[in-house]
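Asker: no sequence on hand, only this structure:
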């Protein structure tokens with residue numbers, strides 16, 4: 001028998017295990033925490049994610065005549081009630097074991113305005129990177145236990161945007177390579193030193209094995225150079241990343257560009273869709289800031305922002321432009337993933 005309590009469908013997995021229930025009165029979000037999983041009302045997703053490590057539940061509802069309720073299993077009812085009280089809720093326990101409570105009103109979150117990117121490239125990119133990190137932290141807080149493919153994609157794309165913005169700053173201060181990839185003095189010294197050491201070592205070994213043969217000594221030297229080309233590139237990337245991140249942190253610290261974290265927005269009681277709407281607005285604001293950074297960067301190098309095909313070709317010669325473009329693309333994909341999730345009938 002098919003049971004439809006409302007217009008909001010359960011996910012396919014829960015339809016097969018819920019005894020015929022296929023739709024409910026409130027939008028559903030599939031939550032998986034501490035070995036338990038089920039579709040739950042999105043207004044209770046945070047509460048359920050906080051409860052499941054401590055107890056088990058059989059049912060819940062975010063709005064039943066103005067109040068929410070959770071039905072714990074009999075053996076975990078006390079733990080469930082204690083957990084709800086610890087969240088600051090006034091809990092009423094009915095005769096059948098149902099725990100009823102009123103969800104507190106949550107304050108509206110101030111959506112991040114467009115970024116102020118008036119500083120130089122390093123400072124502006126750091127402002128954008130910290131804003132992306134804040135959006136990623138908020139997304140993680142409001143989607144605990146939610147492994148929907150679009151939510152996972154949004155998390156991954158925000159992480160990618162942070163990494164691209166970080167490597168843009170690293171390349172700006174790199175002592176090994178310039179924006180176009182050409183070696184700077186530090187990179188030349190590193191490469192020449194390692195190539196010379198490899199060539200000498202391989203030539204000496206080949207000459208020794210071949211009894212001092214000049215031909216084999218030359219062959220050994222060339223082979224040594226070829227053998228270390230890839231390791232040298234990997235070592236350069238490693239040193240550039242390590243030294244660059246340390247240099248960026250030192251420069252920003254000297255300029256007083258420390259992170260200014262916003263006070264946490266209470267995530268447990270905020271409906272998931274409302275939280276993700278605001279997070280998406282913040283992501284879009286960061287995108288506009290990153291686009292402005294890229295445009296200013298190109299103008300600073302004497303280039304007008306070109307048409308798309310020319311711009312894509314230009315990225316090959318300017319890693320900082322490419323990094324900001326890749327970050328913008330990742331932010332676009334994160335925003336689209338959240339939009340698709342919001343438009344889906346269930347999460």
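Answerer: In hand now; what should we look at? Quantities reported herein were computed from a predicted structural model and do not represent experimental measurements. Residues are numbered from 1 along each chain as shown.

Asker: give me the contacts around stretch 229-248.
Answerer: Outside of stretch 229-248, the residues within contact range by Cβ atoms under 8 Å, 6 or more residues apart in numbering are 122, 126, 166-167, 169-171, 173-177, 187, 190-191, 194-195. All C-beta atoms are positioned from the backbone trio N, CA, C, and that covers glycine.

Asker: which among those end up buried?
Answerer: Neighbour-count burial (16 or more other Cβ atoms under 10 Å) is assigned, among the contacts of stretch 229-248, to 122, 126, 166-167, 169-171, 173-174, 176-177, 187, 190-191, 194.

Asker: what's the most distant pair in those?
Answerer: Pairwise distances across the buried ones among the contacts of stretch 229-248 peak at 31.7 Å for 126 and 194 (criterion: Cβ to Cβ).

Asker: which single one of the buried ones among the contacts of stretch 229-248 is nearest to residue 152?
Answerer: Of those, the one sitting nearest to residue 152 (Cβ to Cβ) turns out to be residue 166, at 21.4 Å.

Asker: go ahead and confirm the closest one touches residue 130.
Answerer: No. In this structure residue 166 lies outside contact range of residue 130 using Cβ atoms under 8 Å: 10.8 Å.

Asker: right, and the helix or strand after the helix or strand harbouring residue 218?
Answerer: Taking DSSP states H and E as the criterion, residue 218 maps to helix 214-254. For helix 214-254, the following helix or strand on the C-terminal side (DSSP H and E) is helix 272-300.

Asker: so for that following helix, mean pLDDT?
Answerer: Mean pLDDT, helix 272-300: 88.

Asker: and after the lowest-mean-pLDDT helix or strand in the chain, which helix or strand comes next?
Answerer: Within the chain, no helix or strand scores below helix 308-315, which has a mean of 55 by mean pLDDT, DSSP states H and E. Downstream of helix 308-315, the next assigned helix or strand under DSSP H and E is helix 319-343.

Asker: report the mean per-residue pLDDT for that next one.
Answerer: When pLDDT is averaged over helix 319-343, the result is 92.

Asker: ok, back up a step: which one of the buried ones among the contacts of stretch 229-248 is nearest residue 69?
Answerer: Nearest to residue 69 among the buried ones among the contacts of stretch 229-248 is residue 166, at 45.5 Å by Cβ to Cβ.

Asker: what sits against the nearest residue to that closest one once chain neighbours are set aside?
Answerer: Leaving aside its chain neighbours, residue 166 sits nearest to residue 129 (6.1 Å; criterion: Cβ to Cβ, 6 or more residues apart in numbering). Listed by Cβ under 8 Å, 6+ apart, the contact set of residue 129 reads 162, 165, 166, 169.

Asker: same thing but 7 Å
Answerer: 162, 165, 166 (Cβ atoms under 7 Å, 6 or more residues apart in numbering).

Asker: so the second one is in contact with residue 325, correct?
Answerer: No. The pair residue 165 and residue 325 does not pass the contact test of Cβ atoms under 7 Å, sitting 11.2 Å apart.

Asker: who has more neighbours, the two?
Answerer: Neighbour totals were compared for residue 165 and residue 325, and residue 165 leads with 30 against 20 (other Cβ atoms under 10 Å).

Asker: now do the helix or strand that the more buried one is a member of: everything it contacts.
Answerer: In this structure, residue 165 sits in helix 149-173 according to DSSP H and E. Residues outside helix 149-173 that contact it (Cβ under 7 Å, 6+ apart): 121-122, 125-126, 128-129, 132-133, 135-136, 139-140, 143, 177, 179, 240-241, 244-245, 247-248, 251, 319-320, 323-324, 326-327, 330-331, 333-334, 337-338, 340-341.

Asker: out of those residues, which are buried?
Answerer: Using 16+ other Cβ under 10 Å, the buried ones in the contacts of helix 149-173 are 121-122, 125-126, 128-129, 132-133, 135-136, 139, 143, 177, 179, 240, 244, 247-248, 251, 319-320, 323-324, 326-327, 330-331, 333-334, 337-338, 341.

Asker: biggest strand in this protein, by residue count?
Answerer: Secondary structure of the chain read by DSSP state E shows that its longest strand is strand 57-64.

Asker: partner strands of it and their direction?
Answerer: In the sheet, strand 57-64 lines up against strand 67-72 (antiparallel) (DSSP bridges).

Asker: who are the packing partners of the next helix-or-strand element following the strand it pairs with?
Answerer: Using DSSP H and E, the helix or strand that follows strand 67-72 in sequence is helix 77-86. If contacts are counted by 3 or more Cβ pairs under 7 Å, 6 or more residues apart in numbering; DSSP states H and E, helix 77-86 sits against helix 45-51, strand 99-101.

Asker: just the mean pLDDT for helix 77-86, thanks.
Answerer: 95.

Asker: given the following helix or strand past it, what are its sheet partners and their directions?
Answerer: For helix 77-86, the following helix or strand on the C-terminal side (DSSP H and E) is strand 92-93. Here strand 92-93 has these sheet partners by DSSP bridges: strand 99-101 (antiparallel).

Asker: can you tell me what sits against the strand it pairs with?
Answerer: With contact meaning Cβ under 7 Å, 6+ apart, strand 99-101 is reached by 67-70, 72, 80-81, 84, 89-94.

Asker: perfect, I'm done here.
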